[in-house]
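S.K.: here you go, sequence then predicted model.
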Amino acid sequence: RTDIPKFLFKTSNPQSGNYSNAVSVQFPNPLDPPNPIVVKRGWTSIDVSILGIPAIRFFNTHLEAFSAAARAGQALELMALPAMNTNRAEVLVGDLNSDPTEASPESDAYNIVAGAGFAETGNTADTCCHAADLLNPTAAFTQRIDHILTRPGLNGFVSADVIGDDA
């Protein structure tokens, strides 16, 4: 936000990384058969200060879509990051590809994050998915895989609403 004076709102300490849990895809390639394509997923974080006081560490992530085991491993990695061990309030946003209403193993990544103390911001609407070609005239979301979560002490201060669910 460049429209807010720096003494009111400042960001610092950008961090990022890729998860070691990853999915590899092997395509038939006669020129290079032993080298699969590794699908990297990762995270970013930034610290936010308000009126010069450290206030929030903000995280963003996108966990694996096509493997529940890799997704759960990534959630465990995320929760174990030194960047996660902070004494300030935290906001975690992202496509966790994990719906808490589904059975294990599809809900495992979400449950790992929630088990680490992250709580929903009140939105329980489905967030996924549009047609692959984005031409569906009405959204027919059937899963809640995109989340805005907080820990600790932000309950009631952060709210969330689904956008993009209108044609």
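M.R.: That came in fine, so what should we check first?
S.K.: distance of the spatially most central residue of the chain from residue 41?
M.R.: Centroid-nearest residue in the chain, with C-alpha atoms, centre = their mean: residue 94, separated by 2.4 Å. Applying C-beta to C-beta, to the nearest Å, the value for residue 94 to residue 41 is 10 Å. Any C-beta I mention is one placed from the backbone N, CA and C, and that applies to glycine too.
S.K.: re the thing from before, give me the element the residue nearest to the centre of the chain is part of.
M.R.: strand 89-95 (DSSP states H and E).
S.K.: then residue 10?
M.R.: Using DSSP H and E, residue 10 sits in strand 9-18.
S.K.: and for residue 148?
M.R.: Residue 148 belongs to strand 146-151, assigned by DSSP H and E.
S.K.: quick one, that strand and strand 89-95 angle?
M.R.: Per axes from the mean of the first three to the mean of the last three C-alpha atoms, to 10 degrees, the angle that strand 146-151 makes with strand 89-95 is 170 degrees.
S.K.: in this structure, where is pLDDT below threshold?
M.R.: 1, 33, 122-123, 125-130, 139, 142-145, 153-167 (pLDDT under 70).
S.K.: just the angle between the longest helix seen in the chain and strand 9-18, please?
M.R.: Counting residues, the longest helix found in the chain (DSSP state H) is helix 68-80. Here helix 68-80 runs at 140 degrees with respect to strand 9-18, directions being taken by the same axes, to 10 degrees.
S.K.: name the helices or strands packed onto helix 68-80?
M.R.: Judged by 3 or more C-beta pairs under 8 Å, 6 or more residues apart in numbering; DSSP states H and E, helix 68-80 is in contact with strand 53-62, helix 108-115.
S.K.: what about 10 Å?
M.R.: Contacts defined by 3 or more C-beta pairs under 10 Å, 6 or more residues apart in numbering; DSSP states H and E place helix 68-80 against strand 9-18, strand 23-25, strand 42-50, strand 53-62, strand 89-95, helix 108-115.
S.K.: quick revisit: any buried residues in the strand holding residue 10, and which?
M.R.: residue 10 (16 or more other C-beta atoms under 10 Å).
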